[in-house]
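Novice: next input, structure requested:
(one chain, ligands or ions: 1)
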Amino acid sequence: MDARAMYEAYMGWYEQAKEAWGIEVGLDFEPANVIYSGMGGSGASGDLISDWVWDRLEVPFFVVKGYHLPKWAGEDTLLISVSVSGNTEETLSVFYEGVKRGCKVVAISSGGMLERVSSKASKFIKIPKPLAPRVGLPSILYSSLKLLGSMGLVDTGEVEESIEVLRGLKESLSMGSEGNPAKELAQEIYSTTPIIYAPPLMAGVSYRFKASLSENAKMDSIVNVAPELCHNEIVAWERMNVRDYRVVMLRYEGEEPEVKERMDAIREVIEGYGHEPLEVRADAGGRLPKIVQNLYVCEMATYYSSLLRGVDPLPTKSIDRLKATLKERLDYIHRYTELGDWITP
Ligand code: PA5
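Specialist: Below you'll find the predicted structure:
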């Protein structure tokens, strides 16, 4: 089992964030739009940033999780291409299209093909190779934020506050801590199918929570975001066997009235079916610190769930198997692009 190594890596999130935030990176560019490209653990930071800035930025911030850029991407686009391994074909494909279209491209990776072709990018940010992409999230998130901060696109004060949140949580989320909220959450969910309901600010956190439950604890979960879930999924409760599930609502202090009333109303509907939802509630100051607070608690809960289920949190064999199969069937990068020619020795 690699559980101990994973634990140490998770316990290093504050230091990892600080290191990434300390990198020197600046880009003299005023984008008309920003595209964040990455899959799985590499794309997750794009979701988190998008939830934070979508209604604050003067320019659109768009996350791509696939092979292709939208038609409108061009010379006024800042493309941030992220792949921890540097070998993910979807991300390499988008990188290729971005270079071809004249986007301002910044690549973030620990190595692999993305590093080998990075002379085609305007900037390459090398991050330390993590044990697994999900435990390396702070390196990706905070180097991306440093880049965006250097262009005046994000509030750096909130970023610094969110790093302090990681520092503050480290002790309370550690193995021996009394009243550890992540351990308590894991105890409640590890033998169920969790249903994660989130307001828009916590959408990326909810999806990362689900992803890490799958990857660390090898368990499935359901995730949905309000208010949309009130227009479809809520109906399923009329015929659900409530004992098979455990609802976790991701909430925060200072919720806007439409968020608070909506989440309270959802809670009341579920209680009406005889189910008591759990809540993970961030009380940090700014919006990014709240996102990071709920993220860390949920992520550690997935780690403790893996221990309770007796599974090794590190390996993700099915991902590896699918990547190998697709490489064989598609060999997308070499067959359809000239990316191979861009490799600098
Ligand atoms: O957690 C994982 O291992 C995956 O979600 C990967 O992050 C995903 O497959 C993309 O790989 P990479 O991060 O190397 O680009």
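
Novice: flag the shaky bits of the stretch 151-300 of the chain, pLDDT-wise.
Specialist: Residue ranges of the stretch 151-300 of the chain with pLDDT under 70: none are present.

Novice: could you pull up the residues touching the residue of it found nearest the ligand?
Specialist: For the stretch 151-300 of the chain and the ligand, the shortest gap (C-beta to the nearest ligand atom) falls at Glu215, measuring 5.4 Å. All C-beta spots, glycine's among them, are computed from the backbone N, C-alpha and C. The contact partners of Glu215, taken as C-beta atoms under 8 Å, 6 or more residues apart in numbering, are 41, 132, 134, 302, 313, 316, 319.

Novice: so which of those residues also contact the ligand?
Specialist: By C-beta under 6 Å from any ligand atom, the members of the contacts of Glu215 lying near the ligand are 41, 132, 134, 316, 319.

Novice: inside helices: which ones of the residues you listed?
Specialist: Among the ones next to the ligand among the contacts of Glu215, the members falling in helices (DSSP state H) are 41, 319.

Novice: and the ones next to the ligand among the contacts of Glu215, which two are furthest apart?
Specialist: Greatest spatial distance in the ones next to the ligand among the contacts of Glu215: Arg134 and Ile319, 11.1 Å, computed using C-beta to C-beta.

Novice: roughly how far apart are Ile343 and the ligand?
Specialist: Counting by C-beta to the nearest ligand atom, to the nearest Å, the gap from Ile343 to the ligand is 18 Å.

Novice: now the residue nearest to that residue when sequence neighbours are not counted. Its backbone dihedrals?
Specialist: Spatially, and ignoring its direct neighbours in sequence, Ile343 is nearest to Arg116 (4.6 Å; C-beta to C-beta, 6 or more residues apart in numbering). When read as degrees, to the nearest 10, the backbone of Arg116 gives phi -70, psi -30.

Novice: share the number of residues neighbouring Arg116, please.
Specialist: Other residues near Arg116 come to 17 when the count uses other C-beta atoms under 10 Å.

Novice: what sits against it?
Specialist: 86, 343-344.

Novice: go on, Thr344?
Specialist: With C-beta under 8 Å, 6+ apart, Thr344 has these contacts: 116-117, 119.

Novice: and the residue of the chain at minimum distance from the ligand, what does it touch?
Specialist: The ligand sits closest to Gly40 of the chain, with a gap of 1.9 Å, by C-beta to the nearest ligand atom. Residues near Gly40 by C-beta under 8 Å, 6+ apart: 88, 133, 211, 319.

Novice: can I get those residues in TSV including neighbour count?
Specialist: Below are the contacts of Gly40 laid out as TSV (neighbours: other C-beta atoms under 10 Å):
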residue	neighbour count
Thr88	27
Pro133	26
Ala211	20
Ile319	16
